[in-house]
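Peer 1: what's the 3D shape of this:
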Amino acid sequence: MAAATSLVAFASAAAPAHSLLNTRRPNRAMAMATAMARRVHQSQSQSQPEGALYCRRDVALLGVAGLISLAEAAPAKASLEEDYSKETKEVINQVKSTIDMEKSNPNTSAAVAALRETSNNWVAKYRREKQLAGKPSFSNMYSVLNAISGHYISFGPTSPIPAKRKARILEEMDVAEKALSKGR
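Peer 2: Numbers count the residues shown, from 1 in each chain. Next up, the predicted model:
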């Protein structure tokens with residue numbers, strides 16, 4: 001009984017934390033560790049009311065978890081590739097319909113203006129995407145759009161594309177379509 005009383009008396013004493021490390025007696029070290037654990041447990045239970053379910057740390061953790069769950073997820077790479085494929089096919093169709101227009105067609109200027117806007121948007125959207133910029137379909141389409149834009153800027157929207165340039169443009173678009181169908 002005397003040993004138990006001395007342990008309780010020891011536990012209530014304010015022993016510094018570093019005294020655990022400086023003791024040479026293992027029983028004393030164990031008693032000090034037990035006493036310190038009891039003191040910590042008592043101080044935690046006194047700071048938390050009896051009916052409280054959560055301490056401040058738990059509430060903060062729940063708040064952070066709630067904020068993380070509300071954050072938007074990053075768009076998947078698959079949707080970027082799907083958008084790229086769909087939009088590239090649309091640009092190819094628009095290029096084909098525009099370069100096949102006759103010089104006398106009154107809608108040629110409007111079609112060229114729409115093609116320039118579409119091509120500028122396409123290039124601006126996909127040029128900085130590293131996973132797409134290295135694809136053969138991208139490089140071929142970029143070359144096609146560059147050739148068409150250069151022609152219409154230099155010669156005007158109603159000027160027909162020369163046969164040799166038109167053949168090269170159509171050939172590069174065919175290569176781009178084949179690469180696109182293979183996912184490249």
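
Peer 1: Every contact and neighbour count from this point should use C-alpha atoms.
Peer 2: Noted.

Peer 1: What about residue 167, how many residues nearby?
Peer 2: 12 (other Cα atoms under 10 Å).

Peer 1: cool, residue 135 as well?
Peer 2: Around residue 135 there are 15 other residues, counting by other Cα under 10 Å.

Peer 1: Verify the stated contact: it with residue 182.
Peer 2: No. Using Cα atoms under 8 Å, residue 135 makes no contact with residue 182, being 10.9 Å away.

Peer 1: so residue 124 is in which element?
Peer 2: helix 108-126 (DSSP states H and E).

Peer 1: Identify all contacting residues around that helix.
Peer 2: 84, 87-88, 91, 94-95, 98, 101-102, 132-133, 142, 145, 149, 152, 157-158 (Cα atoms under 8 Å, 6 or more residues apart in numbering).

Peer 1: hmm, which of those residues are the buried ones?
Peer 2: 84, 88, 91, 94-95, 98, 101, 132, 142, 145, 149, 152, 157-158 (16 or more other Cα atoms under 10 Å).

Peer 1: what ranges do the helices span in this protein?
Peer 2: Remark: helices assigned in the chain by DSSP state H are 2-12, 26-47, 56-70, 77-99, 108-126, 130-133, 136-155, 163-181.

Peer 1: Which of those has the lowest mean pLDDT?
Peer 2: Of all the helices of the chain, the minimum mean pLDDT falls on helix 2-12 (a mean of 45).

Peer 1: Now residue 162. Its backbone dihedrals?
Peer 2: Reported as degrees, to the nearest 10, the phi and psi values for residue 162 are phi -60, psi 150.

Peer 1: Count the neighbours of it for me.
Peer 2: 9.

Peer 1: what do you get for residue 168?
Peer 2: A total of 13 residues lie near residue 168 under the criterion other Cα under 10 Å.

Peer 1: Could you check how far the closest residue to residue 137 other than its chain neighbours is from residue 103?
Peer 2: Nearest non-adjacent residue to residue 137, counting by Cα to Cα, 6 or more residues apart in numbering: residue 176, 4.2 Å away. With distances taken as Cα to Cα, to the nearest Å, residue 176 is found 27 Å from residue 103.

Peer 1: If you compare the directions of the helix holding residue 124 and helix 77-99, what angle comes out?
Peer 2: With axes from the mean of the first three to the mean of the last three Cα atoms, to 10 degrees defining the directions, helix 108-126 sits at 160 degrees from helix 77-99.

Peer 1: Which of the buried ones among the contacts of helix 108-126 sits closest to residue 168?
Peer 2: Nearest to residue 168 among the buried ones among the contacts of helix 108-126 is residue 145, at 11.9 Å by Cα to Cα.

Peer 1: residues contacting that closest one?
Peer 2: Here residue 145 is in contact with residue 119 (criterion: Cα under 8 Å, 6+ apart).
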